[in-house]
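>>> 3D, please:
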Amino acid sequence: MDIDVMGWIQRTLKPHMVSPDEALPGRDTPILDPMPRHEIFGLPLDEEPEGSEVAYFALGCYWGEERMFWETEGVLNTAVGFMGGFTPNPTYRESCTGQTGHTETVKVVYDPRRVSYDDLLKMFWEAHDPTQLNRQGNDIGTQYRSAIFPVNDEQLAAAERSREVFQQNLHEAGYGDITTEITPGQTFYYAEVEHQQYLHKNPGGYCPVHATGVKCGPRPDQAS
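You can find the predicted model right below:
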């Protein structure tokens with residue numbers, strides 16, 4: 001995150017969702033063109049190998065989230081971008097204004113024979129605090145809201161089921177209600193090349209952790 005941009009956001013903006021009429025107009029052409037190759041996997045960022053499935057998650061700053069997923073066994077490709085808003089093909093700086101409606105999102109391409117969607121959901125819930133509305137720690141704005149974007153009915157059902165389980169565990173740990181949106185049918189827009197695999201290119205880069213420490217799944221005394 002650009003420190004000057006982040007400071008400006010925190011000083012001048014209140015985190016509220018922009019309406020479609022208020023959103024920035026965007027553009028018809030993609031921001032990421034031509035499509036680069038993944039710095040770790042070597043694949044074009046938009047490649048989805050045969051037999052793979054795709055998932056989309058937003059849990060705050062997408063730099064650290066992408067690294068978490070690319071380091072996961074069974075994940076074949078990742079990319080960062082924007083989802084859940086109104087502005088077509090937004091830039092990073094546009095999304096940081098809160099005027100596009102998008103949230104920073106990671107596209108995860110995975111082999112379901114090696115890692116399940118339920119496994120990815122568990123990682124998602126445990127890696128951030130989904131009870132914080134439109135923020136994660138000092139990252140404030142609707143672009144940092146917690147979200148899952150299912151691509152089919154099976155993912156939608158799994159996401160809603162996992163949210164119920166994690167909500168119970170959070171309440172028992174003293175946390176409030178989950179604010180995570182679960183919204184199917186959204187378009188993913190790739191972010192600029194400098195944001196792709198950012199923490200591989202910048203090993204000392206900004207990478208906050210906002211995990212609650214609460215686990216997603218039955219407690220040991222509840223397991224069958």
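
>>> Show me the residue sitting in the middle of the chain in space.
Closest to where the C-alpha atoms of the chain average out (C-alpha atoms, centre = their mean) is A58, at 1.8 Å.

>>> Now do the contacts for T212.
By C-beta atoms under 8 Å, 6 or more residues apart in numbering, the residues touching T212 are E126, H128, D129, T131, L170, A173, Y175. For every residue, glycine as well, the C-beta is placed using N, CA and C.

>>> ok, 7 Å please
D129, L170, A173, Y175 (C-beta atoms under 7 Å, 6 or more residues apart in numbering).

>>> now the one helix or strand Q167 maps to: mean pLDDT?
If you go by DSSP states H and E, Q167 is part of helix 153-172. Across helix 153-172, the average pLDDT comes to 98.

>>> And the contacts of it?
By C-beta under 7 Å, 6+ apart, helix 153-172 touches 55, 117-118, 121, 125, 131, 148, 150, 178, 180, 182, 184, 212, 214-217.

>>> Could you list which of these belong to helices?
Those of the contacts of helix 153-172 mapping onto helices are Y117, D118, L121, W125, per DSSP state H.

>>> Low-confidence bits of this protein, can you list those?
1-14, 219-224 (pLDDT under 70).

>>> tell me the contacts of T100?
Per C-beta under 7 Å, 6+ apart, neighbours of T100: A23, L24, F82, G85, F86, T87, P90, E94.

>>> if we go to 10 Å?
Listed by C-beta atoms under 10 Å, 6 or more residues apart in numbering, the contact set of T100 reads 18, 23-26, 82, 84-91, 94, 142-143, 189.

>>> Identify the bridge partners of the residue nearest to the centre of the chain.
Per DSSP bridges, the residues bridged to A58 are A147.

>>> Wait, it touches D139, no?
No. Under the criterion of C-beta atoms under 10 Å, A58 is not in contact with D139, lying 11.8 Å apart.

>>> how many neighbours does I182 have?
16 (other C-beta atoms under 10 Å).
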